[in-house]
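1. Quick one: sequence plus predicted model below, questions after.
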Amino acid sequence: MGNRQDHAEVRSEFGTDRAELVYGQKADGSLVHISTAERGLKCACVCPGMCGSRLVARTMAKTPHFAHHHRDACGGGPETALHKLAKQIVKERLTLFVPKRIATHGDVERVLPGREEIALGSASLEFRDPQQIVPDLYVTIQGRKLFVEIAVTHPCDDEKIRRIREHGIPAIEIDLSRLPRDATPEVVANAVIRSAPRKWLFNKAIDDAVVELQKAATAARVAAESKLTTDAKQKARAYATALDSAPKSPPMPAIDVLRGIGLDKHIGIPVAGFACFTTGPAYWQSVILSDVLYGQEFRNKLANAVAVSKHLGGKGLIRPEFKWISNELETASIALDNRFAAPWRAVESYLKYLARVGVVVETARGFAIAQRVASQWFNWVDEEIGRVAAREHILETIERILDQLPDDERKGMTVDDWMDSINPENVDTYASLLEHTQTMQPIEAELRAIVGLFNGTRTDVLDLLGLPIAKECERRLAAIAAKELQRKAEAAGQAEKIKIDRQKELAGNAATVLGGSELDAWLNTPHPNLDGRTPLEAAYHGYHSAGKAREILSAIERRKQAEHDRSVEATFWREKLRKTVALRLREDEAKAFLNDRDDDYSRATALVFCRDERTYRIVLQKLDVWINAFGSKRHVPF
C-alpha cells in the first residue's frame with residue numbers, strides 16, 4: 001500500500017495536470033518528441049494514450065507541445081507516452097542496469113556476484129503464458145529470460161508479483177514515477193537504462209541466498225542457545241563455589257569516616273550476586289561509598305550501576321569468571337540458581353538500597369550522594385585532616401624535645417616508646433589518646449607549655465607527659481631566672497643612663513637661658529611646682545617631672561626675652577627723648593628737666609619714666625609745661 005500511495009503523490013507532482021504532451025505516436029507505433037515533429041497536422045501523429053486521436057504539433061507555441069485535434073486533451077496521455085517511450089528505448093538500445101542482488105535476513109546482508117550493466121540479446125513487448133503474465137518487456141541475456149516492469153503511475157501489486165514468482169522468471173521494476181512527463185528523450189533514456197530507482201521483484205538466486213541465511217541464522221541461534229545453556233551451567237557452578245569460598249578481607253577504605261558519620265551500618269549489605277566479587281560485601285560496598293559516591297572517580301558525572309561495576313573491575317574486585325556477563329547469560333544462570341546476579345546488577349541493588357535509606361539520591365541519569373551525607377562527610381574529613389596534622393605536629397615536637405636531652409636522661413627513649421607509654425591519668429597509651437581530638441587537646445596544651453619553657457619562656461609545666469624532662473625543666477627554669485636577673489640589671493643601668501641623660505639635656509637647655517651663678521642656683525634650688533625638688537632632681541625622677549622643669553625654664557626664657565624687648569624699647573624712646581629735649585632746652589636746662597622727679601612720673605625722673613611711646617608723649621607734654629613755666633633761652637622749634 002505504501003508504494004501505491006507514493007505513486008499517487010508523484011502523479012500529483014509530475015502528472016498530466018503539471019506537463020504538456022510532448023510525445024506523439026507515429027503510425028508504426030514509435031514515439032517522436034515535439035522538437036523533431038513537423039508543424040501542425042503534418043506531424044502525422046496520434047495520441048499515445050487510450051483515445052488515439054489525431055494530434056496537432058504546436059511547434060511555435062511558447063512551450064511547444066502536441067494538442068488533440070477537434071477535442072479536449074484526454075487524461076493520462078503524458079504518462080502513457082512516458083511508459084511507451086521507456087519500453088521503446090530499452091528495445092532499441094538493448095542495454096540495461098539491473099539492481100545489485102542482495103539477500104537480507106534480519107541484520108545480515110549478502111551481496112551476490114554479478115554485473116549490474118548487462119547487454120541484452122533481445123527485447124520484446126509481447127509475452128503471454130498460461131499464468132496470464134503480461135510484462136512490460138521480455139528480454140533475454142545470453143539465453144536467460146528477464147521480465148522488466150516500468151512503473152510510471154501504477155507499480156506492480158502483490159498479486160502480479162506472486163504470479164511472477166510462480167512463473168520462476170527473474171523480474172525487475174524500474175520506477176519512473178518521479179521523472180517529469182515532459183522530459184527530453186535523452187533524460188528519459190538515462191533514467192530508464194541507468195539512473196532511475198529499480199528493484200528485484202523476483203530472483204531465485206536471491207531467494208535461495210535468503211533461505212541459506214535463514215538456515216545459518218537458525219543454526220547460529222541453536223548453537224548460541226546451546227552455548228548459553230552450557231555457559232549458564234558453568235556460571236552457576238562457579239557461583240556456588242564462590243559462595244562456599246572465604247573471600248579475602250582487606251582493610252576497608254575510609255572505614256574511620258564511615259564509622260564517624262554512621263555509614264558503617266550501610267556496608268556489608270547482602271545482595272544477590274555478592275559472591276561475584278573477590279572480597280566480602282563490606283569491602284566493595286565501602287569502595288562504592290568512598291571512591292565513587294563521595295570521591296573524585298566520576299568527577300561531576302552521576303554514578304550508574306554499569307560504570308560503578310567497571311570501576312570495581314578495574315580495581316580487581318570482580319572475579320574474572322564473572323567480569324563479563326550478558327543479560328541473556330544472567331537470565332539463564334538465575335534460572336539455575338536464583339542467588340546469582342551479574343556484578344552490575346549486584347551494584348544496582350546496593351545503590352537502590354542506599355537510595356531507600358536516604359544515603360544517595362536516585363535520578364533518571366544515575367545516583368548521587370545525598371547533600372546531608374556529603375556535608376557530614378566533608379565536615380568529618382576536614383576535622384580529621386586537622387587531627388592528623390595536629391598529631392604529626394605533636395610527634396615532631398616530642399622528637400625535638402627528646403633530641404635536646406642528655407643521653408643519660410633520655411635513656412634511649414624514642415617517639416614510639418613514648419607513644420606506647422601509659423598516661424597515668426587516663427590509664428591509656430598516648431597513641432590511643434592521639435586518635436581522638438578530645439583527648440588530644442590536653443596533650444597539645446601541656447606540650448605548648450613545655451615547648452615554651454624549652455624556648456626560654458617561664459611557663460607553668462603541670463604535666464611532664466611521661467617524658468624524662470624533669471631535670472631539663474629545672475635547668476631551663478634556672479637559665480630563665482639568670483636571664484631575668486641579667487635583663488633586670490641591664491634595664492636598671494639603661495634606666496639610670498636615661499635619667500642622667502635627661503639631667504644633661506635639661507642643664508644644656510638651661511645654659512642657653514641662664515648663665516653663671518644664676519644657672520647653678522636655678523638647677524639646684526628646690527621649686528614649689530616640682531614637688532619641692534630641684535630641676536635636676538625632677539629631671540632624674542621621671543619624664544613627667546622633667547617636662548615640668550622644662551616648662552619652668554621656658555617660662556624664665558620668655559620672661560627674660562620680654563625684659564630684653566622692653567629694655568631695647570625703653571632705650572630707643574629715652575634716646576629719642578634726649579634728642580628732643582636737647583633741641584628745645586639749653587644743656588643745663590635739659591639736664592635739670594630730665595633729672596627732675598615729678599609726681600606724674602611716680603617720683604621718677606623723666607628718663608626713667610620714659611620707656612615707650614605712651615610715656616614718651618607724657619614727657620613731651622611735661623616739656624611744654626616746663627618751657628611755659630620757666631622759659632628757655634633756646635627756642636628751636638620741633
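-> Sure, I can see it. Numbers count the residues shown, from 1 in each chain.

2. going forward, measure contacts and count neighbours with C-alpha atoms only.
-> Noted.

3. which SS class is the closest residue to Ala171 other than its chain neighbours?
-> Spatial nearest neighbour of Ala171, excluding adjacent residues (Cα to Cα, 6 or more residues apart in numbering): Phe147 at 4.4 Å. Three-state secondary structure (criterion: DSSP: H, G, I helix; E, B strand; the rest coil) places Phe147 in strand.

4. residues contacting Phe147?
-> Contact analysis of Phe147 by Cα atoms under 8 Å, 6 or more residues apart in numbering lists 135-139, 169-172.

5. Got a quick PyMOL command for the buried subset of the residues you listed?
-> Applying 16 or more other Cα atoms under 10 Å to the contacts of Phe147, the buried members can be selected in PyMOL as follows:
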select buried, resi 135+136+137+138+139+170+171+172
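
6. Helices - which of the contacts of Phe147 land there?
-> Using DSSP state H, the subset of those located in helices is empty.

7. between the contacts of Phe147, which is nearest Cys47?
-> Sorting the contacts of Phe147 by how near they are to Cys47, with Cα to Cα, puts Asp136 at the top with 19.4 Å.

8. Just list whatever residues bridge to the closest residue to the closest one other than its chain neighbours.
-> Nearest residue to Asp136, sequence neighbours excluded (Cα to Cα, 6+ apart): Glu149, at 5.1 Å. Applying DSSP bridges to Glu149 gives these bridge partners: Glu173.

9. I'd like the next helix or strand past whichever strand or helix holds Val308.
-> Assigned by DSSP states H and E, Val308 falls within helix 305-314. Where DSSP H and E defines the elements, the next helix or strand beyond helix 305-314 is helix 327-336.

10. next one: the helix or strand just after that following helix to chain centre, how far?
-> For helix 327-336, the succeeding helix or strand toward the C-terminus, using DSSP H and E, is helix 343-356. Between the mean C-alpha location of helix 343-356 and the chain-wide mean there is a distance of 29 Å, by Cα atoms, centre = their mean, to the nearest Å.

11. swap in stretch 589-603?
-> Computed by Cα atoms, centre = their mean, the separation of stretch 589-603 from the middle of its chain amounts to 107 Å.

12. So what touches it?
-> Applying Cα under 8 Å, 6+ apart, the set of residues contacting stretch 589-603 is 581-582, 604-607, 609, 623, 626, 632.

13. So which of those are in helices?
-> Per DSSP H, the subset of the contacts of stretch 589-603 in helices is 581-582, 606-607, 609, 623, 626.

14. Of these, keep whichever come out buried.
-> Neighbour counting over the ones in helices among the contacts of stretch 589-603 (16+ other Cα under 10 Å) leaves 581-582, 606-607, 609, 623 as the buried ones.

15. now, which of those sits nearest Leu523?
-> Nearest to Leu523 among those is Phe609, at 35.0 Å by Cα to Cα.

16. For that closest one, which non-adjacent residue is closest in space?
-> Computed as Cα to Cα, 6+ apart, the closest residue to Phe609 that is not its neighbour in sequence is Tyr601, at 5.8 Å.

17. What is the helix holding Val308 packed up against?
-> helix 343-356 (3 or more Cα pairs under 8 Å, 6 or more residues apart in numbering; DSSP states H and E).

18. Hmm, Ala27 is touching Pro48, no?
-> No: taking Cα atoms under 8 Å as the definition, Ala27 is not a contact partner of Pro48, at 10.6 Å.

19. For these two, indicate the residue with more neighbours.
-> Counted by other Cα atoms under 10 Å, Ala27 and Pro48 do not tie: Pro48 has more neighbours, with 28 against 10.

20. Tell me which helix or strand the more buried one sits in.
-> With secondary structure defined by DSSP H and E, Pro48 is part of neither a helix nor a strand.

21. Roughly how far does it sit from Gln561?
-> Pro48 sits 146 Å away from Gln561, taking Cα to Cα, to the nearest Å as the criterion.

22. swap in Ala254?
-> Ala254 sits 89 Å away from Gln561 when distances are taken as Cα to Cα.

23. For these two, indicate the residue with more neighbours.
-> Ala254 (16 against 13).

24. May I have the residues that are in contact with that one?
-> Counting by Cα under 8 Å, 6+ apart, Ala254 touches 286, 290.

25. Next one, pLDDT for Ala606 please.
-> Each residue has a pLDDT score; the one for Ala606 is 91.

26. What is the neighbour count of the closest residue to it other than its chain neighbours?
-> Spatially, and ignoring its direct neighbours in sequence, Ala606 is nearest to Leu594 (5.0 Å; Cα to Cα, 6+ apart). Neighbour count for Leu594, taken as other Cα under 10 Å: 22.

27. In which helix or strand does Leu594 reside?
-> Following DSSP H and E, the helix or strand that holds Leu594 is helix 587-595.

28. List the buried residues for stretch 332-340?
-> 332-334, 336-337, 339-340.

29. Equivalent analysis for stretch 183-201, please.
-> Neighbour counts over stretch 183-201 (16+ other Cα under 10 Å) mark 185, 188-189, 191-194, 196, 198, 200-201 as buried.
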